[in-house]
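[1] would you be able to build a 3D model of this:
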Amino acid sequence: MIKPKPCPFCGGKVAVVICDDEGNLHDDDYLFNPYSGVGYKLRHTHELNPECPIAEYEEDEGTVGVHIYDTAEDAIEAWNKRLWEEGKNMTKHFCDLCGKEINILQETYKVSVDNNAGIPYINDPNIVDVHEICPERANRICQTVRELKQEG
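    Below is the predicted model of the structure:
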């Protein structure tokens, strides 16, 4: 069986715990009479990893994420996956306008609408609150703004 890698945030350990199909945690004895199916979750508690930003409190089950895995191996495999080892960003970013994945984070354009907070556009379906856009859409917006300025 493969071993779980240390937590990428704190270097702490993660445990694989037994649960039923609804995500309720059980001890090892449950495997002798699994009346509600068998699944596995990842557990990384704050009590054992107090400096970790993703650790959960033991009173809240201490489980990481919401996935229920079919096998302990599947849970460990998911935990061990590190996107940066595959040359990808840790989290995926998508263009708010076209939905296209932005693979190179440096190509992400952030658009701020904070300065326009007083404008009553919140109920206007033609106006979209944009946070991250791909280079193609950013160039189209810049071109449109230049054209509008020339007309005005």
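[2] okay, now A72: neighbour count?
    17 (other Cβ atoms under 10 Å). In short, each C-beta sits where N, CA and C put it, glycine included.
[3] for it, which non-adjacent residue is closest in space?
    V16 (4.6 Å; Cβ to Cβ, 6 or more residues apart in numbering).
[4] show me the contacts for the one you found.
    P4, Y40, K41, L42, R43, A72, A75, I76 (Cβ atoms under 8 Å, 6 or more residues apart in numbering).
[5] show me where the protein has its strands.
    15-19, 25-26, 39-43, 63-69, 93-94, 101-102, 109-110, 132-133 (DSSP state E).
[6] circling back: including pLDDT, could the contacts of V16 go into CSV?
    Shown next, in CSV, are those (pLDDT from 0 to 100):
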residue, pLDDT
P4, 93
Y40, 97
K41, 96
L42, 95
R43, 95
A72, 95
A75, 94
I76, 94
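[7] list just the nearest of those residues to Q143.
    Ranked by distance to Q143 (Cβ to Cβ), the contacts of V16 are led by L42 at 46.8 Å.
[8] extract the CA atoms of the longest helix anywhere in the chain and return them as PDB.
    Ranked by number of residues, the top helix in the chain under DSSP state H is helix 135-151. Extracted in PDB, the C-alpha atoms of helix 135-151 (Å, rounded to 0.1, in the frame of the first residue of the first chain):
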ATOM      1  CA  PRO A 135      -5.600  37.600 -22.300                       C
ATOM      2  CA  GLU A 136      -7.800  37.200 -25.400                       C
ATOM      3  CA  ARG A 137     -10.800  38.800 -23.600                       C
ATOM      4  CA  ALA A 138      -8.600  41.400 -22.000                       C
ATOM      5  CA  ASN A 139      -7.300  42.500 -25.400                       C
ATOM      6  CA  ARG A 140     -10.900  42.700 -26.700                       C
ATOM      7  CA  ILE A 141     -12.000  44.800 -23.800                       C
ATOM      8  CA  CYS A 142      -9.000  47.200 -24.300                       C
ATOM      9  CA  GLN A 143      -9.800  47.400 -28.000                       C
ATOM     10  CA  THR A 144     -13.400  48.200 -27.300                       C
ATOM     11  CA  VAL A 145     -12.500  50.900 -24.700                       C
ATOM     12  CA  ARG A 146     -10.100  52.500 -27.200                       C
ATOM     13  CA  GLU A 147     -12.800  52.500 -29.900                       C
ATOM     14  CA  LEU A 148     -15.400  54.000 -27.500                       C
ATOM     15  CA  LYS A 149     -12.900  56.800 -26.500                       C
ATOM     16  CA  GLN A 150     -12.300  57.600 -30.200                       C
ATOM     17  CA  GLU A 151     -16.100  57.900 -30.800                       C
END
